[in-house]
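Chemist: sharing a model that was predicted from the sequence below.
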Amino acid sequence: MGTYEKGAVRIHFEEAGSGFPLLLIAGGGLNSTISGITGSYPPFNAIEEFKGEYRCVAFDLRNANPGQSSGPLEIDRPWDSHTDDQLGLLDHLGIDRFMVLGFCIGGPMIWNLLRRAPDRVVAAVLAQPSGSRPEARDLFYDNNMKNWGPALVARRAELTMEIVDKFLTKMYRTNPDFVFTVTRDFVRNCQTPVLILPDDIPSHPYAVAMETAMLAPKAEVSMFPWKEPKERVPLAVRQIRSFLRAHRPR
């Protein structure tokens, strides 16, 4: 475990294993923490599965209420502020090129990493990725205004719900379509290999996951459903392992 600091930002992280670097982004939305990789929430423990072959790096998202990372709410650039943290952490660890596996909110974050640092991301796995449903454009805004924002304001005296509203509006309502962080044209032209493992719940729309898989020229997709019955999860992990090995630099 360790801490990466830059200015007012403090990111708590954990490393395990050795080999080619694999960045892990936990699910849990804006409350994404390392426990979302290792605890009972994810379909499988990615650190345990991959630390035998990779240098796994996991972290608490900036301002996740259950976590140990903190920093300003950058109202004008919410997604990019998180990407700054991820790339800054990797720089701090001396990591240039890497692979990435992300759950839930990790989906939009991975697309933003591919937009910001295409030469650094060797391959990406998006498991149960978040996306925007046309019939529920405010789903993430509403959930975070109810569940994430009040707890954050309660422990941070300098923040107000008005600030949280502005942050979430920019994050989820200003461009409420598709995967939030990039356009369909970007995905259509993305040359990075990606593996998509779709889900089908309100916050992880199957249609959006499959659309990205169809658009991205170097995309692969898992079986569906892959989380139920539980006996299918090892098959999905096997596919992830094969995908990562196929694209891992020698």
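Modeler: Thanks, I have the structure now.
Chemist: can you list contacts of the one helix or strand in the chain whose mean pLDDT sits lowest?
Modeler: Each helix and strand of the chain was given a mean pLDDT (mean pLDDT, DSSP states H and E); the minimum falls on helix 35-38 at a mean of 92. Outside helix 35-38, the residues that touch it by CB atoms under 8 Å, 6 or more residues apart in numbering are 24, 26-28, 41-42, 45-48, 58, 66, 103. Where C-beta positions appear, they are placed from N, C-alpha and C, glycine not excepted.
Chemist: run through the chain and note the low-pLDDT ranges.
Modeler: Along the chain, segments meeting pLDDT under 70 span 40.
Chemist: give me the distance between the most far-flung residue of it relative to its centre and Arg62.
Modeler: Distance to the chain centre peaks in the chain at Ala157, reaching 27.7 Å (criterion: CA atoms, centre = their mean). Going from Ala157 to Arg62 by CB to CB, to the nearest Å gives 18 Å.
Chemist: rewinding a little: would you turn the contacts of helix 35-38 into a markdown table with secondary structure?
Modeler: Compiled in a markdown table, the contacts of helix 35-38 are given as follows (DSSP: H, G, I helix; E, B strand; the rest coil):
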| residue | secondary structure |
| --- | --- |
| Leu24 | strand |
| Ala26 | coil |
| Gly27 | coil |
| Gly28 | coil |
| Tyr41 | coil |
| Pro42 | coil |
| Asn45 | coil |
| Ala46 | helix |
| Ile47 | helix |
| Glu48 | helix |
| Ala58 | strand |
| Pro66 | coil |
| Phe103 | strand |
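Chemist: so which of the residues you listed is the closest to Ala127?
Modeler: Distances from Ala127 to the contacts of helix 35-38, taken as CB to CB, are shortest for Phe103 (4.8 Å).
Chemist: what are the ranges of the helices in this protein?
Modeler: Counting by DSSP state H, residue ranges of the helices within the chain are 35-38, 46-50, 78-92, 106-116, 139-147, 149-155, 161-168, 184-189, 206-215, 233-247.
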